[in-house]
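A.B. asks: from the sequence below, what's the structure:
(one chain, ligands or ions: 2)
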Amino acid sequence: MLSRVCFDMLKMMEYTALVQRLFELAEPYLRVRGDLPHARVSHRYALRLLAEEGGEAGIVEPAVILHDVGWSQLTPEQIRMAFGVRAGGEEAERLNRIHEREGADIARRILASLNYPPPWIDRIAALIERHDSGKMADSLEEKILKDADKLWRFSKEGYWQEIARQRLERDELYRFLAVRYRQWFFTPTAVRLAEEALKERGKEISGEVTSNKRKTCGEF
Ligand SMILES: [Fe+2]
Ligand SMILES: [Fe+2]
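C.D. replies: Ligands and ions are numbered 1, 2, ... in the order given. The predicted structure follows:
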């Protein structure tokens, strides 16, 4: 019994070190668009969704951490055109597809360097390659990736960072999210988390909460 517990703990420590290493290897790519906070917050949401919805963490966690490394292959001007509340049109879509494809290639290289099992690399790369453009989700892991990615914008850190990054009015993103969130999410947990977060963002926008820097332990 004791050796079984030790074995499980060792595996858990190895896995925790792997997740940490993934963040380190992704960071140079994520830095280009300032996406490290996005990856960290989405990863925390993914852990919450995995706990409540199930799913394979060994697929979801690397996919969430690495899903936006492909933005590093576009220029700042192209990134502005491709992403955000005001982006749209064929060119935005073309550029968005580039960040998905390039991201899948970079993720493959990073995961291969860590000796990740090839069939798992294939699954993760396939999820990254359509994380924005794919309207459907074929697996629970894909649902969780897409939901965790979108939940970022509802989080305190994500909301206010996107307001600054996209140069939006304080309530512009709120109005965008409040209309769209019902069609976005695949899991009931994500819908619930989005609704809870929207209530909080609404209070911050109306001035009920004066400091958007105030944060309690464990809050996204
Ligand atoms: Fe993306
Ligand atoms: Fe993303």
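
A.B. asks: what parts of this structure come near ligand 2?
C.D. replies: 68, 149 (C-beta under 5 Å from the ion). (Each C-beta comes from the backbone N, C-alpha and C, glycine too.)

A.B. asks: just the strands from the chain, written as ranges.
C.D. replies: With DSSP state E, there are no strands along the chain.

A.B. asks: and the pLDDT at the residue of it found nearest ligand 1?
C.D. replies: Using C-beta to the ion, Asp68 is the residue of the chain that sits closest to ligand 1, at 4.5 Å. pLDDT for Asp68: 98.

A.B. asks: surely it meets Glu102?
C.D. replies: No - checked against C-beta atoms under 8 Å, the pair Asp68 and Glu102 is beyond contact range at 10.4 Å.

A.B. asks: neighbour count for those two, which is higher?
C.D. replies: For Asp68 versus Glu102, the count of surrounding residues by other C-beta atoms under 10 Å is larger for Asp68: 27 against 19.

A.B. asks: got phi/psi on that one?
C.D. replies: Phi and psi for Asp68, reported as degrees, to the nearest 10, are phi -110, psi 20.

A.B. asks: likewise Thr187?
C.D. replies: Residue torsions, per degrees, to the nearest 10, at Thr187 are phi -110, psi 140.

A.B. asks: just give the number of residues close to the spatially closest residue to it that is not a sequence neighbour.
C.D. replies: Leaving aside its chain neighbours, Thr187 sits nearest to Glu53 (5.0 Å; criterion: C-beta to C-beta, 6 or more residues apart in numbering). Applying other C-beta under 10 Å, we find 17 other residues in the vicinity of Glu53.

A.B. asks: the nearest residue to Leu25 once chain neighbours are set aside: how many residues sit nearby?
C.D. replies: Distances taken as C-beta to C-beta, 6+ apart place Ile110 nearest to Leu25, at 4.8 Å, with adjacent residues excluded. Ile110 has 22 neighbours, counted by other C-beta under 10 Å.

A.B. asks: same thing with the one 3 residues further on?
C.D. replies: Using other C-beta under 10 Å, the number of residues around Ser113 comes to 10.

A.B. asks: let me see the contact set for the residue lying closest to it once chain neighbours are set aside.
C.D. replies: Of all residues not flanking Ser113 in the chain, Leu25 sits nearest, at 7.3 Å (C-beta to C-beta, 6+ apart). Applying C-beta atoms under 8 Å, 6 or more residues apart in numbering to Leu25 gives the contacts 110, 113-114.

A.B. asks: for those residues, which one is nearest ligand 2?
C.D. replies: Nearest to ligand 2 out of the contacts of Leu25 is Ile110 (C-beta to the ion; 16.4 Å).

A.B. asks: from Ile128, how far out is the closest one?
C.D. replies: Computed as C-beta to C-beta, to the nearest Å, the Ile110 to Ile128 distance reads 11 Å.
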